[in-house]
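1. quick check, what structure comes out for this input:
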Amino acid sequence: GDRLLDIPCKVCGDRSSGKHYGIFSCDGKSWNILTDSCSGFFKRSIHRARVYTCKAQGDLKNCCPVDKTHRNQCRACRLHKCFAANMNKDAVQHERGPRKPRLKDSLMAAERSSVHHHFGGGGGGGGGGGGVPISAAGCLGNHNNNNSTQQHLTTSSSSSGLVTSTTSSSTSSAETSARLLFMAVRWVRWLTPFQTLSRADQQLLLQESWKELFLLYLAQWSSPWDLGAILTQRLMNRQQQQQQQQHGGMRMMQADDLLLATEIKTIQELMSRYRQLSPDGSECGCLKAIAVFKPETGGLSEVRPVELMQDQAQCILADYVRHRYPRQLTRFGRLLLLLPCLRLVRSSTVELLFFKDTLGEVAINRVLDDIYSGDTGIHQNGNNNNNNNNNTSK
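-> Numbering: from 1, shown residues only. Predicted coordinates:
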């Protein structure tokens with residue numbers, strides 16, 4: 001009852017909420033993902049077999065203060081005090097796992113859902129609702145005022161890659177790009193913590209991170225795709241169009257093309273670094289979450305929850321890499337360094353290279369909002385979009 005709140009935690013002296021692992025201790029029951037409760041700290045330490053070392057020197061060694069203010073400063077002394085207060089590690093090892101879904105579980109569920117939705121559960125049988133949307137490029141094409149020329153493409157449910165043909169046709173690359181964008185946005189929709197934010201903040205974060213998400217999906221699924229040849233061809237096509245349309249301003253055009261060529265090289269280097277690291281599904285999910293939860297995004301109504309989610313995603317990634325790849329000491333850092341590389345590429349460049357043929361002049365944010373809201377006209381019939389106002393872009 002309420003009187004338990006008057007009993008202090010035997011480890012740090014903070015208010016306890018009852019007995020945890022044999023003693024009265026604080027449990028920090030809140031949605032805070034980086035809870036600093038003594039029971040939570042003890043549980044993590046035992047579950048993960050942590051061995052801490054006190055960094056104090058001389059007479060202060062192993063004598064660090066452990067109270068409400070300083071309990072996070074020295075984990076070695078804190079764990080020592082937990083044992084000194086008679087916390088029972090056997091109670092930790094025999095208790096049931098966590099009952100409430102957390103970001104880690106949400107990341108895995110989103111990863112599975114995104115892949116299953118777009119590749120289906122197998123090749124046979126009746127048309128289940130989890131398959132690939134018929135002609136993802138056609139769906140995006142519904143936003144383009146030239147959609148009369150849009151062809152409905154057949155899609156593959158093969159999980160071996162996004163492009164089954166080895167040809168680098170513009171139609172296959174447009175279809176692949178569209179499908180990757182759908183996967184990225186639907187992955188965000190499956191993130192339960194993301195849904196706890198206001199709708200306005202969700203839209204801001206999606207608009208700010210869609211480019212990074214798309215490029216991560218591109219790196220994850222582009223192995224059968226001759227990306228270098230496609231990007232080079234796009235650059236050459238653009239240069240030819242500009243030369244035909246523009247007689248003056250050649251110096252400005254050349255400078256812009258130089259920047260575009262640099263960004264194409266950055267994308268290719270990113271793909272190469274990604275393939276070298278070969279992140280698994282758990283690592284991919286964490287990287288995407290770090291990219292989505294950007295507390296520096298302008299206009300957010302609540303910054304702190306976003307910051308906490310990004311911190312948690314980094315902590316989950318660090319713990320996972322440390323246990324899954326204990327001999328790869330630099331792996332965590334190398335994974336994180338993929339993210340600044342993504343930010344070197346402008347959103348406008350990604351739009352130009354991968355979506356210009358499909359979207360025309362329609363703003364990408366409008367398409368993102370439609371996909372996120374589920375109002376995408378995903379069915380195969382091209383006449384199911386009765387909204388003729390798609391011919392004008394915001």
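2. residue 218 - how many residues pack around it?
-> Burial of residue 218 is recorded as 23 neighbouring residues (other CB atoms under 10 Å). Every C-beta, even on glycine, is put in place using the N, C-alpha and C of the backbone.
3. longest single helix anywhere in this protein?
-> The single longest helix within the chain, with elements called by DSSP state H, is helix 250-277.
4. which helices and strands does it pack with?
-> Helix 250-277 sits against helix 199-221, helix 227-245, helix 331-336, helix 338-343, helix 347-354, with contacts defined as 3 or more CB pairs under 8 Å, 6 or more residues apart in numbering; DSSP states H and E.
5. and with 6 Å instead?
-> Judged by 3 or more CB pairs under 6 Å, 6 or more residues apart in numbering; DSSP states H and E, helix 250-277 is in contact with helix 227-245.
6. do me a favour and average the pLDDT over the helix it packs on.
-> Taken as a whole, helix 227-245 has a mean pLDDT of 64.
7. same question for stretch 23-32.
-> Mean pLDDT, stretch 23-32: 62.
8. before we move on, back to that, how about the longest helix of the chain: buried residues?
-> By neighbour count with 16 or more other CB atoms under 10 Å, helix 250-277 contains the buried residues 253, 260, 263-264, 266-267, 270-271, 274, 277.
9. redo those residues as a markdown table? Include distance to residue 202 and pLDDT.
-> Converted to a markdown table, the buried residues of helix 250-277 look like this (distance: CB to CB, whole Å; pLDDT from 0 to 100):
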| residue | distance to residue 202 | pLDDT |
| --- | --- | --- |
| 253 | 38 | 55 |
| 260 | 31 | 82 |
| 263 | 28 | 87 |
| 264 | 31 | 85 |
| 266 | 28 | 90 |
| 267 | 27 | 89 |
| 270 | 26 | 90 |
| 271 | 29 | 88 |
| 274 | 27 | 92 |
| 277 | 29 | 93 |
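10. which among those residues gets closest to residue 65?
-> Using CB to CB, residue 277 is the member of these that sits closest to residue 65, with 41.1 Å.
11. C-terminal to the helix or strand bottoming out on mean pLDDT in the chain, what's the next element?
-> Ranking every helix and strand in the chain by mean pLDDT, DSSP states H and E puts helix 136-141 at the bottom, with a mean of 41. As assigned by DSSP states H and E, the chain's next helix or strand after helix 136-141 is helix 170-189.
12. by contact count, what packs against that next one?
-> Applying 3+ CB pairs under 6 Å, 6+ apart, we find helix 170-189 packed against helix 103-119, helix 136-141, helix 199-221.
13. least reliable of these by average pLDDT, please.
-> Of all the helices and strands packed on helix 170-189, the minimum mean pLDDT falls on helix 136-141 (a mean of 41).
14. pLDDT weak spots in the chain?
-> Along the chain, segments meeting pLDDT under 70 span 1-5, 27-36, 93-172, 222-255, 360, 375-394.
15. now do the domain split for it, please.
-> Using automatic domain parsing, the domain parsing of the chain gives 2-94, 103-391.
16. so how far is residue 324 from the residue lying closest to residue 345 once chain neighbours are set aside?
-> Leaving out its chain neighbours, the residue that sits closest to residue 345 by CB to CB, 6 or more residues apart in numbering is residue 263, at 4.9 Å. Here the criterion is CB to CB, to the nearest Å. By it, residue 263 lies 33 Å from residue 324.
17. how about residue 286?
-> With CB to CB as the criterion, residue 286 and residue 324 are 12 Å apart.
18. more neighbours: those two, which one.
-> Between residue 286 and residue 324, counting by other CB under 10 Å, residue 286 is the more crowded of the two (28 against 12).
19. just the buried positions in whatever helix or strand the more buried one lives in, please.
-> According to DSSP H and E, residue 286 maps onto helix 281-292. For helix 281-292, a neighbour-count test (16+ other CB under 10 Å) marks 282-292 as buried.
20. closest to residue 338 out of those residues?
-> The nearest member of the buried residues of helix 281-292 to residue 338, counting by CB to CB, is residue 287 at 6.6 Å.
21. list the contacts of that closest one.
-> Residues counted as contacts of residue 287 (CB atoms under 6 Å, 6 or more residues apart in numbering): none.
22. tell me where the stretch 1-150 of the chain has strands.
-> All strands of the stretch 1-150 of the chain, identified by DSSP state E, counting those that start in this stretch, fall at 19-20, 23-24.
23. which of those sits closest to residue 8?
-> It is, among the strands of the stretch 1-150 of the chain and with distance given as CB to CB, strand 23-24, at 7.3 Å.
24. the closest one pairs with which strands, parallel or anti?
-> Sheet pairing for strand 23-24, assigned by DSSP bridges, gives strand 19-20 (antiparallel).
25. next one: residue 361 from residue 352, what distance?
-> Separation of residue 361 from residue 352 (CB to CB): 12 Å.
26. pick out whichever of these two has more residues nearby.
-> residue 352 (16 against 10).
27. let's have the strands of the stretch 1-150 of the chain in JSON lines, adding mean neighbour count and distance to residue 333.
-> As requested, those are exported to JSON lines (neighbours: other CB atoms under 10 Å; distance: least, CB to CB, whole Å):
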{"stretch": "strand 19-20", "mean neighbour count": "20", "distance to residue 333": "35"}
{"stretch": "strand 23-24", "mean neighbour count": "18", "distance to residue 333": "38"}
